[in-house]
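Enquirer: below is the sequence, then the predicted model.
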Amino acid sequence: MCKSISSFIVTSLDSTSHQDIINYFGINSDECDKAFLIKYVSRELKESYLNTQHKSTQKIPKDTQLEMKYNGLVTVNTKLRKQYLENEIYIYLSKNKEIDIIIAADLFQSNYEESISLSNMKKGIYSLQNNENIKIRFLAGFTGESNNIIMDAIMILNMVATYPQLDFEIYNCAITSDSYFFIIKDELLNTSIFNKNGECIFSTMSKEKETIDELYYSLEGLLKRQGKPIFEKKDVMSIIKNNIYTQYILGNDLRWLIGSMNELFMPEDLFIEVGKEVFGDNNEIMEELNKINIFLNNKTYKSDLKILIYENELRRYISSGELRFFNVPVKLSFQQRERHIEYMKKILRENNNLEIKLIEGDFVEEFKDKLNPSLYLSKNIKLTTICPDDYKNQYAIVSDNQFKTICDDLFNSMWNERQDITLDNKEQIIESIREFLSHTKIINDNLN
């Protein structure tokens, strides 16, 4: 029956649907003639039938001779693993109940497709209406050297920075590099095994509670014994009042990856002006901002600095006036923007120790529609900003020493290895900034 159905399907395909089915199953098109495709589809139909039969045995009492089969794991076709897993996940996540998820994966050993899938996971979960009932703990290993440090590090920064409403934490935890575990407590277990090239060679899924519980509590115990949070989240008030920001600015070897325009490069009077607008009712904060203002201007004028800034973000800020002042969204008038950018040009010209590169493209093509990461590095302190929402304006301070090294490696790779998408001629950068501002001024004058 499977062979007859498969034959009918394949012989009915036109050229477009023939290619669609090849893409769906992930088959090598060079070796896929009609005879091969008929055998392949027939095999998939048989496997699907057997899986369906297997599920029906759950109605059989456990004291029968088929008890072993009832408790068995369901084998999942590795090429369709993600589709099966996503369907099952959203069935449970869409229910209005508390969900506890543990994920364990060695990010440095994951292949390209797995990394992209992981980077999209948080957005998919956030899109659910009951996402406030979901708790996610990600056990991430960093064994060996990353095959693509820029992609891996940006993926982690995006996972931390985006959708802060979700209860989502990443831990550095020693886990096996050839396996992937996804567990919804009491509901679902998916285990996958990969070869040394990162290709999935075996995947299983189970809904058997005893099996799920055994692995869940095993990983939770591992997390309690060895897990180290990669980041420590702090709200902006704490960052300022507890002198964390001041300690960072006074540190050595300052490097900035500017994904969102902020309080940097502001003239002293504009800094205080915007500071009063954002924190004006808090005298304690304003006192600290006065100190930070002095330190910032001293550093930007006299110290060695390395700065990477996204061109598209610079253009967006100059045209819209939207920036994050200590990660608090605020909109500046055109006159305020003009003062800010003119002062920035002045610093670039007068501080010969300041090196700057303008990022003119995307380091990872698949992340071009995602958030441009911001990262602020010194010798001892590494921090990034978390997307602000209506209730929180947070920073994430890197607390794990291994990930601190990864952040340094990320910046160094961006700085040294990607001349194809970076502009490093300071005079050309200043001229580009002047042109951005000039065009915006023309538009602003015409609108007024």
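Expert: That came through fine.

Enquirer: any weak-confidence spans in the chain?
Expert: 26, 28-31, 51-84, 96, 129-131, 369, 390-391, 448 (pLDDT under 70).

Enquirer: now do the phi/psi pair for the nearest residue to Arg434 once chain neighbours are set aside.
Expert: Sequence neighbours aside, Lys345 is the residue nearest to Arg434 in space, at 6.8 Å (criterion: Cβ to Cβ, 6 or more residues apart in numbering). Quick note: C-beta positions are derived from backbone N, CA and C, even for glycine. The phi/psi pair for Lys345 (degrees, to the nearest 10) reads phi -60, psi -40.

Enquirer: wait, isn't Lys345 in contact with Ile433?
Expert: Yes: when contacts are counted by Cβ atoms under 8 Å, Lys345 is listed as touching Ile433 (5.9 Å).

Enquirer: between these two, which is the more surrounded one?
Expert: The neighbour comparison of Lys345 against Ile433 (other Cβ atoms under 10 Å) goes to Ile433, with 21 against 16.

Enquirer: ok, now which ones touch that one?
Expert: Counting by Cβ atoms under 8 Å, 6 or more residues apart in numbering, Ile433 touches 314, 318, 341, 344-345.

Enquirer: tell me which element it falls in.
Expert: Taking DSSP states H and E as the criterion, Ile433 maps to helix 426-447.

Enquirer: ok, and the closest non-adjacent residue to Glu342?
Expert: Using Cβ to Cβ, 6+ apart, the closest residue to Glu342 is Leu437 (7.8 Å).

Enquirer: mind checking how far the nearest residue to Leu222 once chain neighbours are set aside is from Glu220?
Expert: Once flanking residues are discounted, Leu222 sits nearest to Cys173: 6.3 Å by Cβ to Cβ, 6+ apart. Distance of Cys173 to Glu220, given as Cβ to Cβ, to the nearest Å: 11 Å.

Enquirer: more neighbours: these two, which one.
Expert: Taking neighbours as other Cβ under 10 Å, Cys173 and Glu220 compare with Cys173 leading, 21 against 17.

Enquirer: ok, the more buried one - contacts?
Expert: So Cys173 contacts 104, 139-141, 222-223, 226-228 (Cβ under 8 Å, 6+ apart).

Enquirer: likewise Lys404?
Expert: Per Cβ under 8 Å, 6+ apart, neighbours of Lys404: 382, 398.

Enquirer: which SS class is it?
Expert: helix (DSSP: H, G, I helix; E, B strand; the rest coil).

Enquirer: cool, and Ile102?
Expert: Under three-state DSSP, Ile102 falls in the strand class.

Enquirer: ok, for it, nearest residue in space, not its chain neighbours?
Expert: That would be Ile183: by Cβ to Cβ, 6+ apart, it lies 4.7 Å from Ile102.

Enquirer: which SSE is the one you found in?
Expert: Using DSSP H and E, Ile183 falls in strand 179-184.

Enquirer: can you give the distance of that strand from its chain's centre?
Expert: Distance of strand 179-184 from its chain centroid, counting by Cα atoms, centre = their mean, to the nearest Å, is 19 Å.

Enquirer: again, but for stretch 439-448
Expert: Using Cα atoms, centre = their mean, the offset of stretch 439-448 from its chain centre is 36 Å.

Enquirer: switch to numbering from 20
Expert: Sure thing, new numbering starts at 20, so read that last one as stretch 458-467.

Enquirer: before we move on, the earlier item: can you lay out the contacts of Cys192 as TSV showing neighbour count and secondary structure?
Expert: Below are the contacts of Cys192 laid out as TSV (neighbours: other Cβ atoms under 10 Å; DSSP: H, G, I helix; E, B strand; the rest coil):
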residue	neighbour count	secondary structure
Ala123	23	strand
Leu158	23	strand
Ala159	24	strand
Gly160	20	strand
Leu241	17	helix
Leu242	18	helix
Gln245	13	helix
Gly246	21	coil
Lys247	14	strand
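
Enquirer: just those residues now: which is nearest Trp434?
Expert: Within the contacts of Cys192, proximity to Trp434 (Cβ to Cβ) peaks at Ala159, which comes in at 24.6 Å.

Enquirer: good, wrapping up.
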